[in-house]
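Chemist: no sequence for this one, just the structure:
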């Protein structure tokens with residue numbers, strides 16, 4: 001018994017049309033008479049249009065069907081088309097090479113945009129706006145440094161990094177930056193499994209305490225009822 005697997009069959013250039021339409025296109029290549037081949041090609045176009053009857057009568061859709069017909073024939077079909085014959089480059093364009101951005105990040109835990117923002121502040125004339133922005137960026141840098149090192153850095157370190165990232169191009173109010181604080185709190189632990197087990201133990205302890213309190217309440221209630229009956 002001979003098996004007919006898909007990987008042994010002809011490649012489907014447009015799978016949405018199905019294998020039967022591709023077989024019809026293959027049969028057009030076997031017709032020697034050009035006039036008959038053109039007539040049969042129009043019949044195949046009509047069948048292709050029936051797959052999308054709502055768009056069948058529009059001019060752009062008909063043009064697209066003829067382009068698909070040539071594409072499914074691997075541009076080997078020679079018929080009288082009502083539209084200009086497409087080329088392989090038009091229907092199968094080569095994708096543009098995507099260049100991967102190569103940028104050096106001085107302090108990766110701050111991200112690359114912190115340095116860009118600080119450098120752009122050197123061109124800003126609004127001193128009050130620059131001071132406010134630098135203050136907010138310093139708080140952000142303090143937060144990201146805490147996420148990375150699990151410890152709040154000294155403000156002197158933040159001031160030093162701001163000078164480096166800005167290429168010493170902005171005036172810094174060191175007295176104001178020395179007073180920055182971060183309200184950021186992140187319950188992070190290097191041992192998440194240990195914390196999880198500790199939380200489960202605490203839940204079990206709370207549950208046992210609640211059961212003990214309920215038991216005491218029930219015992220007290222029974223004692224009171226017994227004393228009342230006596």
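Modeler: Thanks, I have the structure now. Keep in mind the model is a prediction, meaning the values are calculated, not measured. Numbering: from 1, shown residues only.
Chemist: Identify all contacting residues around the one helix or strand residue 164 maps to.
Modeler: Using DSSP states H and E, the element containing residue 164 is helix 155-165. Residues outside helix 155-165 that contact it (CB atoms under 8 Å, 6 or more residues apart in numbering) are 106-107, 110, 114-115, 118-119, 134, 137-138, 141-142, 145, 172, 174, 177-180. In short, each C-beta sits where N, CA and C put it, glycine included.
Chemist: so of those, which ones are in helices?
Modeler: 114-115, 118-119, 134, 137-138, 141-142, 145, 174, 177 (DSSP state H).
Chemist: burial of residue 216, as a residue count?
Modeler: 10 (other CB atoms under 10 Å).
Chemist: Can you tell me the element it falls in?
Modeler: Short version, using DSSP H and E: residue 216 is in helix 192-229.
Chemist: Ok, residue 168 next?
Modeler: Applying DSSP H and E, one finds residue 168 in no helix or strand.
Chemist: which of the contacts of helix 155-165 count as buried?
Modeler: Buried residues within the contacts of helix 155-165, counting neighbours by 16 or more other CB atoms under 10 Å: 107, 110, 114-115, 118, 134, 137-138, 141-142, 145, 172, 177.
Chemist: Mind putting those into TSV with distance to residue 204?
Modeler: As requested, these are exported to TSV (distance: CB to CB, whole Å):
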residue	distance to residue 204
107	43
110	42
114	44
115	49
118	50
134	49
137	45
138	44
141	41
142	38
145	37
172	52
177	47
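Chemist: nearest to residue 97, of those?
Modeler: Nearest to residue 97 out of the buried ones among the contacts of helix 155-165 is residue 115 (CB to CB; 27.4 Å).
Chemist: Which residue, other than its chain neighbours, is closest to that closest one?
Modeler: What sits nearest to residue 115 in space, not counting adjacent residues and going by CB to CB, 6 or more residues apart in numbering, is residue 165, at 4.3 Å.
Chemist: For that neighbour, give me the pLDDT.
Modeler: Among the per-residue scores, residue 165 holds a pLDDT of 86.
Chemist: what's around it, how many residues?
Modeler: 21.
Chemist: From residue 143, how far off is it?
Modeler: Using CB to CB, to the nearest Å, residue 165 is found at 16 Å from residue 143.
Chemist: now residue 63
Modeler: In terms of CB to CB, residue 63 sits 57 Å off from residue 143.
Chemist: Tell me which residues of stretch 81-98 come out buried.
Modeler: Per 16+ other CB under 10 Å, stretch 81-98 contains these buried residues: 81, 86.
Chemist: Quick one: mean pLDDT for that stretch?
Modeler: Stretch 81-98 comes out at a mean pLDDT of 82.
Chemist: count of neighbours near residue 171?
Modeler: 13.
Chemist: what does residue 68 give?
Modeler: Neighbours of residue 68 (other CB under 10 Å): 20.
Chemist: Would you check how far apart the nearest residue in space to it that is not next to it in sequence and residue 109 are?
Modeler: Of all residues not flanking residue 68 in the chain, residue 14 sits nearest, at 5.8 Å (CB to CB, 6+ apart). Noted for residue 14: a distance of 49 Å to residue 109, by CB to CB.
Chemist: circling back: from the buried ones among the contacts of helix 155-165, which single one is nearest residue 153?
Modeler: residue 145 (4.7 Å).
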